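One predicted model, sequence on top.
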Amino acid sequence: SMLPYRLLTSLSVPSSSSSLRFMSVSPSLGVRSRKNTGGTEEVRRPGQPVQWIEDATTYADAHSVVLDPTTKLPYDEKDLRGRMERTARDALKESRKIKYGMKKAADSKINFDHIPIENQVVLLFPGQGAQFVGMGKKLQDSKRAMALFEKASEILKYDLLKLCLEGPKTKLDQTLYCQPAVVVTSLAAFESLQEREEEILENCTDAAGFSVGEFAALVAGGLLKFEEAIRIVAERAAAMHECSQLIRSGMGTVKVVAASRLEDAMAEARLKAKEAGEMDVCEIANHLLCGVKVIGASELCMKFLEEHANTYKFHFVKRLAVSGAFHTRQMEGADKRLMDALKLAELNPAVMNVYSNFTGKIHGTKKAEIRGAISKQVTNPVKWEQIQQTLYRKHQDFVFPRFIECGPGKQLGSMLVATSKKAYKSYENVAV
């Protein structure tokens, strides 16, 4: 039997102007055609496969009933009903996915709407590369900060404060020592801040740390105890140090524009490395901010990028003072060791929103997912640009929370000002 257009009006079909296509119907021939740039194309005759209806029948069929309510479509009623039911079912499934997906994301976020936006505090913790000899000197008047250094030294089995204050720089810059030093100094700065502002912890709503700085954020946010975090960071540093010894590698900052062909350049660099019989590591390791990336690559690949930047229309800014291609697949193996260390640690409920470098979003509440995101961080790019954008959107009519960078340097503040000068007006740094 044929299904009249009038019958289609009884079917529940959502309106979607974006999915309409101009259709023409030739009732005398019993053939339905689609007009396109190539002319008129016959799309179905009786006897053609029923599954073809999936592409042939659009919402235009239902809506065009107003043009000719007596016209019949050249499809069986059963076929059309099945098509419409599947369409409605798929639409419902997608809407539920969106609805409950948003609900799930919202559920993992702690609501601090009771705190005026101008009183809210966003904590920022730097990563490896921010260290300098002498850091910690301005924290020596803080009893809580010094107690933290003492506790860390007991766990690490060496005098961490002495290393931070006196160096030597060559030792402090080594991954083994640098990562614990940056995390402890950052948390010591946070302790010093709490001594000066006793009520500040109650107003801390968000914590985000760059790379290894994420562990400082996890401690500040209540997810990890300080002692366990230092043990995990020490294991992470040792594992990443070992991976970095496999090949000569490093990291470099690049700037890109719309015309840049960075992906092509990295692909060509990897090809050159393969041809030379070397490990072909050349990946984006950090998304810093819009148009600025950090590349992690083998020495051969890094040289290729430096020498061919003009050809591929990007600017190679500088190399970073690190000893390996962190946050790339060169760190495979370190992720497993990190996961093993995380499994031994107790994760506690967060007291503020803590951001994941791996997802660029707030950590959820499932412990397995938190551990997974932390361990994957070492082999995947840091999504700092995405985290910054989320934090920037916290404003209310361009009234921003306080952004406080706790730790050595002001690199995160520099990236914040590049993202939003208005947000940067609320930026502070705890000197170390």
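Yep, that arrived.

where's residue 234, which helix or strand?
Assigned by DSSP states H and E, residue 234 falls within helix 226-244.

Residue 425: what's its closest spatial neighbour, skipping adjacent residues?
residue 400 (7.3 Å; C-beta to C-beta, 6 or more residues apart in numbering). C-betas here are computed from N, CA, C, even on glycine.

where does the one you found land on pLDDT?
According to the prediction, residue 400 has pLDDT 96.

so it touches residue 428, yeah?
No. Using C-beta atoms under 8 Å as the test, residue 400 is too far from residue 428 to be in contact (11.8 Å).

Look at the two and report which has more neighbours.
Higher neighbour count among residue 400 and residue 428: residue 400, with 21 against 14, using other C-beta atoms under 10 Å.

tell me the angle the helix or strand residue 342 falls within makes with helix 226-244.
Using DSSP H and E, residue 342 sits in helix 334-343. If you take axes from the mean of the first three to the mean of the last three C-alpha atoms, to 10 degrees, helix 334-343 sits at 170 degrees to helix 226-244.

Give me the helices and strands touching helix 334-343, please.
When contacts are defined as 3 or more C-beta pairs under 8 Å, 6 or more residues apart in numbering; DSSP states H and E, helix 334-343 packs onto helix 226-244, helix 367-376.

Can you give me the neighbour number for residue 161?
By other C-beta under 10 Å, the residues close to residue 161 number 23.

In this structure it contacts residue 137, no?
No. Using C-beta under 8 Å, residue 161 is not in contact with residue 137; the gap is 9.7 Å.

Angles on the backbone of the residue nearest to residue 187 when sequence neighbours are not counted, please.
Using C-beta to C-beta, 6+ apart and skipping the chain neighbours, the partner closest in space to residue 187 is residue 216 (5.2 Å). Torsion angles at residue 216 (phi, psi; degrees, to the nearest 10) stand at phi -60, psi -40.

try residue 282
phi -160, psi 100.

Give the bridge partners for it, please.
Taking DSSP bridges as the rule, residue 282 bridges to residue 297.

count of neighbours near it?
26.

mind listing what it touches?
Residue 282 makes contact with 266, 269-270, 273, 295-298, 301-302, 305, according to C-beta atoms under 8 Å, 6 or more residues apart in numbering.

Looking at those residues, which is nearest residue 364?
Of all these, residue 364 sits closest to residue 296, with 26.9 Å by C-beta to C-beta.

Tally up the residues packed near that closest one, please.
Close neighbours of residue 296, defined as other C-beta under 10 Å, add up to 27.

what's the answer for residue 334, then?
There are 24 residues near residue 334, going by other C-beta under 10 Å.

Over to residue 86?
By other C-beta under 10 Å, the residues close to residue 86 number 12.
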